[in-house]
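J.: Generate a structure from the sequence data that follows.
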Amino acid sequence: MNPEKIYPRTGDRETVYLKPVVTNPNIQIGEYTMYNDFVRDPRQFEKNNVLYHYPINRDSLRIGKFCSIACGAKFLFASANHTQASVSTYPFPIFFEEWDLDIGDVTSAWDYKGDIVIGNDVWIGYEAVVMAGVTIGDGAIIGARAVVTKDVPPYTIVGGVPAREIRRRFSDDVIARLLELKWCDWPAERIQRNIKNIQAGRLNLLL
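T.: Take a look at the predicted model:
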């Protein structure tokens, strides 16, 4: 149990723990969160999967612990959102030299949406896209190729374009209990002791 190692599985170079391979201070990754990529080097997650994330916006990507992120999932930030307040969506302020504009107005080329926040134990499916400003709650599941434009409640399955709720994973009582337990924050030894009960859904037997 070492969340600081890069490759959690012997002989598997397509799956990495993300925390040790991400260097951008505006990207925060929780322990044991993993990313699988069978097309590109998964260590390049920061470059290939976190897009339009420019320092000038000071926005952040925060992903919790024990998340599972499938190949090709993308996180799109504010600079991908050309402004709709203008008559034209063309990003004139980016080309300030060409049009003799004030360099200080560069950010007016897009509509600011805010941070992307992913809770703990979230599963993000193949080639799903999460847009700027979205918060995804603990235990949620994002379907393959879904485009998430709105917040997703904890332990909710969403899919489609744009993503819509398919169903809740558990009853309200069970969800409340899981949010109270916060098992992802337990010490690794306690999690290891309870893995079988976690997998089997035996919340009453968790120690």
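J.: Do a quick rundown of the helices in this structure.
T.: Listed in chain order, the helices of the chain (DSSP state H) span 45-48, 96-99, 172-181, 188-200.
J.: Compare those and say which comes out lowest on pLDDT.
T.: Out of these, the stretch the model trusts least by mean pLDDT is helix 96-99, with a mean of 87.
J.: residues near residue 89, how many?
T.: Look at residue 89: counted by other Cβ atoms under 10 Å, it has 12 neighbours. From N, CA and C alone the C-beta is placed, and that goes for glycine too.
J.: again, but for residue 136
T.: Here the neighbour count serves as a burial measure; for residue 136 (other Cβ under 10 Å) it reads 26.
J.: picking up where we left off before, most tightly surrounded among the helices of the chain?
T.: When the helices of the chain are scored by mean count of other Cβ atoms under 10 Å, the highest mean neighbour count falls to helix 45-48 (a mean of 16).
J.: Spit out the contact partners of residue 51.
T.: 74-77, 80 (Cβ atoms under 8 Å, 6 or more residues apart in numbering).
J.: got a winner among those for most neighbours?
T.: Most neighbours among those, by other Cβ under 10 Å: residue 77, with 26 neighbours.
J.: Residue 50 is in contact with that residue, correct?
T.: Yes. Contact criterion Cβ atoms under 8 Å: residue 77 and residue 50 qualify, at 7.5 Å.
J.: Overlap of the contact sets of the two?
T.: Going by Cβ under 8 Å, 6+ apart, residues that sit against residue 77 and also against residue 50 are residue 61.
J.: That's all I had, so thanks and see you.
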